[in-house]
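>>> give me a 3D structure for the following:
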Amino acid sequence: QVHLVESGGGLVQAGGSLRLSCAASGRTISAYAMVWFRQAPGKERETVSSISWAGVSTYYSDSVKGRFTISRENARNTVYLQMNNLKPEDTAVYYCAAAISFETSKAGQYEYWGQGTQVTVSS
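Alright, predicted model coming up:
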C-alpha cells in the first residue's frame with residue numbers, strides 16, 4: 001500500500017507559479033510511474049503529467065506542455081510538479097497517483113492516489 005499526500009496548492013494570480021509536492025509513505029515509489037492529474041468542476045479528469053520510475057521518460061498534456069515540469073526524488077519518496085505561467089484554466093484539484101507502468105500512467109490507470117490539493121488561478 002502506498003499512501004500519497006499532496007501539498008503546495010493555493011491561490012495565485014495568472015502568470016504566477018506554484019510547486020506541488022507529493023510525499024509517499026508505506027512503500028517506496030521507486031517501482032512506480034508517478035502521475036499528476038487534475039479534476040475541475042464540470043470537466044473530465046485530465047492526466048497532466050507523468051514520469052517513469054527512473055525519471056527517464058516524462059509525459060505532459062498539450063495544455064501544460066512548456067509550462068509544467070514533473071520531477072521525482074526516489075530517495076525522498078517524493079514527486080514534484082513545478083507549475084509556471086499559470087492560467088485561470090489551470091484551476092482544479094490536483095492529485096498525485098502511482099501507476100504500474102509509464103504506459104498505464106498515461107492511460108489514466110492508477111494503483112494509488114492522494115486526496116488532492118486545490119489550485120486556484122485568478123485572472
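
>>> please count neighbours and contacts with C-alpha atoms only from this point.
Will do.

>>> and the worst-scoring helix or strand of the chain on mean pLDDT, what does it pack onto?
The helix or strand of the chain with the lowest confidence, counting by mean pLDDT, DSSP states H and E, is helix 102-106 at a mean of 90. When contacts are defined as 3 or more Cα pairs under 8 Å, 6 or more residues apart in numbering; DSSP states H and E, helix 102-106 sits against strand 33-39, strand 46-51.

>>> go through it and flag the buried ones.
Using 16 or more other Cα atoms under 10 Å as the test for burial, helix 102-106 gives 102, 105-106.

>>> contacts for the following helix or strand past it, please.
Once helix 102-106 ends, the next helix or strand along the chain (criterion: DSSP states H and E) is strand 112-113. With contact meaning Cα atoms under 8 Å, 6 or more residues apart in numbering, strand 112-113 is reached by 1-4, 95-99.

>>> equivalent analysis for stretch 62-81, please.
With contact meaning Cα under 8 Å, 6+ apart, stretch 62-81 is reached by 19-25, 28-30, 34, 36, 48-51, 55, 58, 60, 82-86.

>>> could you do stretch 88-107 as well?
With contacts defined as Cα under 8 Å, 6+ apart, stretch 88-107 is touched by 4-6, 14, 22, 29, 31-41, 47, 49-53, 57, 59, 109-123.

>>> thanks again, I'm all set now.
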